[in-house]
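K.L.:
Sequence first, then the predicted structure, then my questions.
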Amino acid sequence: MSPMSLKEEIQKRRTFAIIAHPDAGKTTLTEKLLLFGGAIQTAGAVKSNKIDTGTKSDWMAIEKQRGISVATSVMGFEYKDIKINLLDTPGHQDFAEDTYRTLTAVDSVIMVIDCVKGVEIQTEKLMEVCRMRNTPVICFINKLDREGRDPYELIEEVEQKLNIQCRPLSWPIGMGKSFKGVYNLFDHKLNLFTPSQRKLSDVRQSFEDVQDPELDKLIGQSYADQLREDVELIEGVYPDFDPTEYLEGKVAPVFFGSAVNNFGINEMLDTFIKIAPAPKSRRTEDREVKPDEKKFSGFVFKIHANMDPNHRNRIAFLRICSGTFERNKPYNHVRGPKPLRFSNVTQFMAQDKEMIDEAFPGDIVGLYDTGNLKIGDTLTDGEDMQFVGIPSFSPEIFREVVNKDAMKTKQLEKGLKQLMEEGVAQMFTFDMGSRKVVGTVGQLQFEVIQFRLKNEYNATVEFHPMNLYKACWITSKDKKQLEEFVRSKNRHIAHDKDGKLVFMAESKAWLQMVMDNYPEIEFHFTSDI
Ligand code: G4P
């Protein structure tokens, strides 16, 4: 057993994700955080999980993406006695589902915004998910070494587009070529900018009072005067920073910096470990589970199959919600028929993974699994309960699966089943003719599936376009009506991978008409029913 109490272990942990529109600087910031945490020694160690869809070598890119996102999908490191678990989120919108699910496993997020581009579309979408869950957000406005937009304007845009109040905790002095540094409004320290990709700590100088004439000597009179004006305005306009409002997801503290130059990161990280929440309670269908409950519980939010092509294994990523997780102890697999025990439990460090015997709330562990676990599954030390809030999505693009190698039908079936369990996409089988249709939220997912089926299962498929608008899960309190509906619409009825009934609608107008004509049937747009 750990010499620390469960409560101490919990207090020591911070589990978060960085979210950003592609290119805002997520990878760069991640890398710099790992450098500060001493988890890596050199820059360039963290690779971007971006996919360049413009290149011809798409297959390579996808393969690379898989390898990389696996190696770096959870990064643990210690900073000033705090154990930080940083979860990677794919930036590409076609993989947004993966990101949304990852956000259910964190307690807070850092959002990176490019000061030239401001709030971009992917940030807006990700922020919506955070808002649904009241996830606390810290905002890092990046690339201050470039000629960006006016900081007031940027903050206003964040407030409007992301629908969250901001509270600047640092303020930039100049920008682009004339960027001088940032003034920390929280601890009244001035951090002067020196472009460098290597230095690790910022040298900060205290200025309790911005009227101090020393300031003019350091940054010149006009910048000093501008800063005095800004500080007065900000202190006048914004109420004092209240950590509780941040924890409730109502106010986002804002920092400015330049990730590539290691600038302003130290500052943000120091504040982060002070204010970011330790592992929080999580809801199950029946009750709230507190992290310091003695008995272990956790849920699976991500599955990765065939990480090592030579061993057909899968890794399930488990977020620990309460108690102490122990290796080799049998746990209740709430959805499954029998208890499961895991002898091979890994914890992910910056670039490595290591075997562990126990883990605590806030930790993410990798469980080697032979096909028992699914995304959303709950594991507990006894109690029958189910964690809620893992989103599932209504697919937007549909393609028919066409088997191009009849000799490999079995492999294809197996591959499709496993990939769907990983949450790569959703599959529907039409009742008539057993045609299989894959539904995704992004085009790229088809390429990933096709490539992985070939590579991992030796099955060859093509995807043929289908004229489908939506897959609607159907239920009704009236069994007879449902049967009647299924009979009369049998050409459009399919089953999903769990055997649930689905109505495949060809167009919006037609779906509306059917919904009007069958008021007793309930149409659901996600499978969470
Ligand atoms: P992402 O993961 O959010 O997609 O972004 P990433 O960190 O890969 O950064 C995107 C680009 O922005 C990179 O340039 C990176 O070097 C640059 N960048 C990150 N932080 C800063 C900053 O503070 N200032 C400036 N000026 N640039 C920054 P790239 O040209 O795409 O790649 P690279 O060849 O420089 O790595």
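P.N.:
Thanks, I have the structure now. Owing to the predicted nature of the structure, the values given are computational and were not obtained by experimental measurement.
K.L.:
my read: Phe463 touches Glu400, true?
P.N.:
Yes - counting by C-beta atoms under 8 Å, Glu400 is a contact partner of Phe463 at 6.9 Å. Heads up, the C-betas are built off the backbone N, CA and C, glycines and all.
K.L.:
Need the residues touching each of those two.
P.N.:
Val438 (C-beta atoms under 8 Å, 6 or more residues apart in numbering).
K.L.:
Which parts of this structure are helices?
P.N.:
6-11, 26-36, 58-72, 96-103, 121-132, 151-162, 214-219, 221-237, 243-247, 265-275, 409-421, 444-457, 479-488, 508-517 (DSSP state H).
K.L.:
Would you mind listing the buried residues in the longest one?
P.N.:
By 16 or more other C-beta atoms under 10 Å, the buried positions in helix 221-237 come out as Tyr223, Ala224, Leu227, Arg228, Asp230, Val231, Ile234.
K.L.:
Tell me the one of those nearest Met420?
P.N.:
Distance to Met420, by C-beta to C-beta, is smallest for Ile234 among the buried residues of helix 221-237, at 50.5 Å.
K.L.:
circling back: the buried residues of helix 221-237: which ones sit near the ligand?
P.N.:
Near the ligand, judged by C-beta under 6 Å from any ligand atom, there are no entries from the buried residues of helix 221-237.
K.L.:
what would the residues you listed look like in CSV with pLDDT?
P.N.:
Putting the buried residues of helix 221-237 into CSV (pLDDT from 0 to 100) gives the following:
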residue, pLDDT
Tyr223, 93
Ala224, 92
Leu227, 93
Arg228, 94
Asp230, 95
Val231, 93
Ile234, 93
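K.L.:
Can I get these in TSV including distance to Gly298?
P.N.:
Compiled in TSV, these are given as follows (distance: C-beta to C-beta, whole Å):
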residue	distance to Gly298
Tyr223	51
Ala224	52
Leu227	48
Arg228	51
Asp230	46
Val231	45
Ile234	42
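K.L.:
and which of the residues you listed is nearest Glu97?
P.N.:
Once C-beta to C-beta is applied, the member of those that ends up nearest Glu97 is Ile234, at 38.4 Å.
K.L.:
quick one, what contacts the closest one?
P.N.:
Pro168, Trp171, Leu185.
K.L.:
pLDDT score for the closest residue to the first one other than its chain neighbours?
P.N.:
If I follow you right, that is Pro168. Take Pro168 and drop its neighbours on the chain: the residue closest to it by C-beta to C-beta, 6 or more residues apart in numbering is Val254, 4.6 Å away. At Val254, the model reports a pLDDT of 96.
K.L.:
What is the burial count for Val254?
P.N.:
25 (other C-beta atoms under 10 Å).
K.L.:
wait, isn't it in contact with Ile141?
P.N.:
Yes - the pair Val254 / Ile141 is scored as a contact, 6.4 Å apart, by C-beta under 8 Å.
K.L.:
what about stretch 480-491, average pLDDT?
P.N.:
95.
K.L.:
just how off-centre is it within its chain?
P.N.:
39 Å (C-alpha atoms, centre = their mean, to the nearest Å).
K.L.:
try stretch 499-514
P.N.:
31 Å.
K.L.:
Just the endpoints, please. Distance across that stretch?
P.N.:
One end of stretch 499-514 to the other measures 22 Å (C-alpha to C-alpha, to the nearest Å).
K.L.:
Give me the mean pLDDT for that stretch.
P.N.:
95.
K.L.:
ok, now stretch 192-203?
P.N.:
Computed over stretch 192-203, the average pLDDT equals 70.
K.L.:
Report the contact partners of Arg341.
P.N.:
Asn328, Lys329, Pro330, Tyr331.
K.L.:
wait, Val402
P.N.:
Taking C-beta under 8 Å, 6+ apart, one finds Val461, Glu462, Phe463, His464 in contact with Val402.
K.L.:
That one and the ligand, how far apart?
P.N.:
35 Å (C-beta to the nearest ligand atom, to the nearest Å).
K.L.:
How about Val116?
P.N.:
9 Å.
K.L.:
Dump the helices of the chain to CSV, plus distance to His304.
P.N.:
Output for the helices of the chain, formatted as CSV (distance: least, C-beta to C-beta, whole Å):
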stretch, distance to His304
helix 6-11, 26
helix 26-36, 19
helix 58-72, 6
helix 96-103, 10
helix 121-132, 21
helix 151-162, 30
helix 214-219, 49
helix 221-237, 45
helix 243-247, 32
helix 265-275, 28
helix 409-421, 11
helix 444-457, 11
helix 479-488, 36
helix 508-517, 35
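K.L.:
and the ones you listed, which one's lowest on average pLDDT?
P.N.:
Among these, helix 58-72 scores lowest, at a mean of 48.
K.L.:
so which of the helices of the chain comes closest to Ala359?
P.N.:
Using C-beta to C-beta, the helices of the chain put helix 6-11 closest to Ala359, at 9.2 Å.
K.L.:
Okay, buried residues for the closest one please.
P.N.:
Leu6, Glu9, Ile10, Gln11.
K.L.:
any idea which of these is closest to Ile219?
P.N.:
For those, the nearest to Ile219 is Gln11 (39.1 Å; C-beta to C-beta).
K.L.:
how about the closest residue to that closest one other than its chain neighbours, what does it touch?
P.N.:
Leaving aside its sequence neighbours, Gln11 sits nearest to Ala278 (C-beta to C-beta, 6+ apart; 5.2 Å). Contacts for Ala278 (C-beta under 8 Å, 6+ apart) come out as Ile10, Gln11, Lys12, Arg13, Arg14, Asp107, Pro291, Gly362.
K.L.:
model confidence over stretch 281-300, on average?
P.N.:
Averaging pLDDT residue by residue across stretch 281-300 gives 96.
K.L.:
hmm, back to that, by neighbours, which of the contacts of Ala278 wins?
P.N.:
Gly362 (27 neighbours).
K.L.:
ok, the residue of the chain positioned farthest from its centre to the ligand distance?
P.N.:
Using C-alpha atoms, centre = their mean, the residue of the chain lying farthest from its centre is Pro213. It sits 45.8 Å away. As judged by C-beta to the nearest ligand atom, Pro213 and the ligand stand 31 Å apart.
K.L.:
The chain should start at 56 in everything you say after this.
P.N.:
Done: numbering now begins at 56, and the last item shifts to Pro268.
K.L.:
phi, psi of that residue?
P.N.:
phi -60, psi -20 (degrees, to the nearest 10).
K.L.:
could you measure the residue in the stretch 456-584 of the chain that the ligand sits nearest to against Val541, distance?
P.N.:
Going by C-beta to the nearest ligand atom, the ligand is nearest to Leu499 of the stretch 456-584 of the chain, at 15.6 Å. Leu499 sits 34 Å away from Val541, going by C-beta to C-beta, to the nearest Å.
K.L.:
hang on, the earlier thing: now render the contacts of Ile289 as TSV, adding pLDDT and neighbour count.
P.N.:
Output for the contacts of Ile289, formatted as TSV (pLDDT from 0 to 100; neighbours: other C-beta atoms under 10 Å):
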residue	pLDDT	neighbour count
Pro223	96	27
Trp226	94	19
Leu240	89	21
